[in-house]
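**Q** Pasting the sequence and the predicted coordinates here, then a few questions.
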Amino acid sequence: MVYCTAALVICFIAALLITKLVLKKLKRKNGKKETALITIVVCVVLYCLVALGYLSVYYHADMTEVNKAFAIPGISVTQYSDGVAKGYSFTKEGNDRALVFYAGAKVDELAYSPLMSELADGGIDCYLVEIPFHMAMFASDAPSYIIENFNDKNYDVWMVGGHSMGGIVAAQYAAKHSDVIDGVVLLASYSTAEIPENIALCSIYGNNDGCLDLEQYETNKVNLPTATEEYIIDGGNHAQFASYGAQKGDGIATISPDTQVQKTAEIICNFAKRIR
């Protein structure tokens, strides 16, 4: 989460430096007003190009694990697409709870397919959001579309959740829509917005997580409901909530990715059953 902000700031600084070099040649040919205008235009264009270059690099899903998740008997995986929201649904006949889920920053949403399938198999239909540029903030209102258009099963419970930065965005949505959201699931994440007491919240992270800012995690606990459930997975790390390989700065897990996903799914499914 901190790395993403820092990277965008670096992009801005890089754009400024490049702009400065360009302007050295232009100052001799233009007046002060023209130079100022050129400075703004060049800076904005370069920043956008550098930022797009940064956003185009992301963690790709392990397609072997994705295909295995798509093939679990009894789980229906469907790709949905609309101008407002895109993504994948993981559903099972008889499920009466639903979760809208955001991937972590710069992570292919399909990497969360194993977890989504496990949750669907355990009683929670999941709607995995396809995020522009793999940054959850660019699809902050996706749950509204999903809740409005995928409630043909008349779910008893609607939850939102996410991993890392995706969890922050999910929590912000819940804080603004406490009339329709019953629960929040945070994986290696925290809430920067105050969550109303009528919303159940489950927070999970691994004790070997090297990416979660624990200082921010503790500081932002004041935003969580009194009855928040917190779980620390022994041996788990940051990346193994999904299947995209090792993440820079992360700790070394002492349990397998399958074990971490299974433990996470079990916690979330039991949590969801206690809502209402």
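**A** Thanks, I have the structure now.
**Q** after the lowest-mean-pLDDT helix or strand in the chain comes which helix or strand?
**A** Counting by mean pLDDT, DSSP states H and E, the weakest-scoring helix or strand in the chain turns out to be helix 32-55, with a mean of 51. Per DSSP states H and E, the first helix or strand lying C-terminal to helix 32-55 is helix 63-70.
**Q** which helices and strands does that following helix pack with?
**A** Helix 63-70 is packed against helix 113-121, with contacts defined by 3 or more CB pairs under 8 Å, 6 or more residues apart in numbering; DSSP states H and E. (Glycine included, C-beta is placed from N, CA and C.)
**Q** by contact count, what packs against the helix it packs on?
**A** Packed next to helix 113-121, using 3+ CB pairs under 8 Å, 6+ apart, are helix 63-70, strand 86-91, strand 124-129, helix 257-273.
**Q** mind checking which of the ones you listed is nearest Phe138?
**A** Phe138 sits nearest to strand 124-129 of all these, at 10.1 Å, using CB to CB.
**Q** orientation of that closest one relative to helix 257-273 in degrees?
**A** Interaxial angle, strand 124-129 versus helix 257-273 (axes from the mean of the first three to the mean of the last three CA atoms, to 10 degrees): 110 degrees.
**Q** ok, residues contacting strand 124-129?
**A** Counting by CB atoms under 8 Å, 6 or more residues apart in numbering, strand 124-129 makes contact with 80, 85-92, 95, 97-103, 109-110, 112-113, 116, 119-120, 136, 139, 142, 146, 150, 153, 155, 159, 268-269, 272, all of which sit outside it.
**Q** Now, of those residues, which are buried?
**A** The neighbour-count test (16 or more other CB atoms under 10 Å) marks 80, 85-92, 95, 97-103, 109-110, 112-113, 116, 119-120, 136, 139, 142, 146, 150, 155, 159, 268-269, 272 as buried among the contacts of strand 124-129.
**Q** I'd like the distance between Trp158 and Phe241.
**A** Plainly put, Trp158 is 21 Å away from Phe241 if you go by CB to CB, to the nearest Å.
**Q** Comparing those two, which shows the higher neighbour count?
**A** Phe241 (29 against 22; other CB atoms under 10 Å).
**Q** how much space between the more buried one and Tyr59?
**A** 12 Å.
**Q** Over to Phe133?
**A** From Phe133 to Tyr59 the distance is 13 Å (CB to CB).
**Q** Please say which of these two ends up with more neighbours.
**A** Remark: of Phe133 and Tyr59, Tyr59 carries more neighbours, 21 against 16, as counted by other CB under 10 Å.
**Q** which residue packs closest to that one, ignoring adjacent ones?
**A** Spatial nearest neighbour of Tyr59, chain neighbours left out: Tyr244 (4.0 Å); criterion: CB to CB, 6 or more residues apart in numbering.
**Q** Check what pLDDT that neighbour gets.
**A** Here, the pLDDT recorded for Tyr244 equals 98.
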